[in-house]
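Enquirer: quick one: sequence and predicted model below, then my questions.
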Amino acid sequence: MSPALVLPLALALAAPALAAQDVDKVNGSITVEAGQEAGDLSTVNGSIKIGAGARTGKAETVNGSISVAENVTAGGLETVNGSIRVSGKGKLSSGLETVNGGIFVDRGGDVRGDIETVNGAIGLVDTDLSGGITTVNGDVTVGVDSHVKGGIHYTKPSQSWFSFNQRDPKVIIGPNAVVDGPLVFERKVELYVHSSAKTGPITGASAVRFDGATPPGQ
């Protein structure tokens, strides 16, 4: 190799890779295209969409939903008024949180944190959750082959939260699902546990066992 090329090549190899750029808005949606990289994503009034195979930092919005396509690697996802949906094989290095919005993680999901909501439903299918699930009024389905390592906790609703949901929440632990740690219910729920599922100790509710694909009456 020519000596004139040695120094530029050495400098290029030693230079650190450029950090992925953050995206910060107040009004407007954010889209990360398939296969792209980005830093943290933040908006106030707008949705966030992350395309298939993309890599990002955490994503946060106030009034908007967060949609994650297949095979995405991202940080935590958080919204106040909006849903969170993670498609297959999503890998999230932190937890998921909403106030008024559902959370769904599809097959192959790997969430390294907790899932928290106040009024939204939570659904997992073949998903590993390293933390636990905390909610007040939302239904919870720990679906087929899912593993929740941190237990489930329903906190007692204050009087102001009762208006959001007049019926008792339904909690379903599906076929071959595992919930390590305690299941603690500070309010009345309907709890259904599949005969093939495994759970930690249950406090505040009585489990109804079922054998089919869905609980009785579903």
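Expert: Perfect, thanks for sending it. Numbering: from 1, shown residues only.
Enquirer: look up the pLDDT of the residue most central in space within the chain for me, please.
Expert: Closest to where the C-alpha atoms of the chain average out (CA atoms, centre = their mean) is residue 96, at 4.1 Å. In this prediction, residue 96 carries a pLDDT score of 98.
Enquirer: please tell me the pLDDT value assigned to the residue nearest to residue 75 when sequence neighbours are not counted.
Expert: Of all residues not flanking residue 75 in the chain, residue 58 sits nearest, at 3.4 Å (CB to CB, 6 or more residues apart in numbering). All C-beta spots, glycine's among them, are computed from the backbone N, C-alpha and C. Residue 58 carries a pLDDT value of 98.
Enquirer: and what of residue 6?
Expert: 46.
Enquirer: what's around the residue nearest to residue 132 when sequence neighbours are not counted, how many residues?
Expert: Leaving out its chain neighbours, the residue that sits closest to residue 132 by CB to CB, 6+ apart is residue 150, at 2.7 Å. A count of neighbours around residue 150, defined by other CB atoms under 10 Å, yields 19.
Enquirer: wait, is residue 150 part of a helix?
Expert: No. If the criterion is DSSP: H, G, I helix; E, B strand; the rest coil, then residue 150 is coil and not within a helix.
Enquirer: isn't it up against residue 130?
Expert: Yes. Counting by CB atoms under 8 Å, residue 150 does reach residue 130; the two are 7.1 Å apart.
Enquirer: can you pull out the helices in this protein?
Expert: 3-14 (DSSP state H).
Enquirer: where does it dip in pLDDT?
Expert: Low-confidence segments of the chain, defined by pLDDT under 70: 1-19, 159-165.
Enquirer: outline the domain layout of it.
Expert: Domains of the chain are assigned by automatic domain parsing as 19-89, 141-218.
Enquirer: ok, which of these comes nearest residue 123?
Expert: domain 141-218 (4.6 Å; CB to CB).
Enquirer: that closest one: end-to-end distance?
Expert: Terminal residues of domain 141-218 lie 12 Å apart, using CA to CA, to the nearest Å.
Enquirer: with stretch 53-65 instead?
Expert: 19 Å.
Enquirer: re earlier: which strand residues bridge the residue nearest to the centre of the chain?
Expert: residue 77, residue 115 (DSSP bridges).
Enquirer: that one touches residue 85, doesn't it?
Expert: No. In this structure, residue 96 is not within contact of residue 85 by CB under 8 Å, at 10.1 Å.
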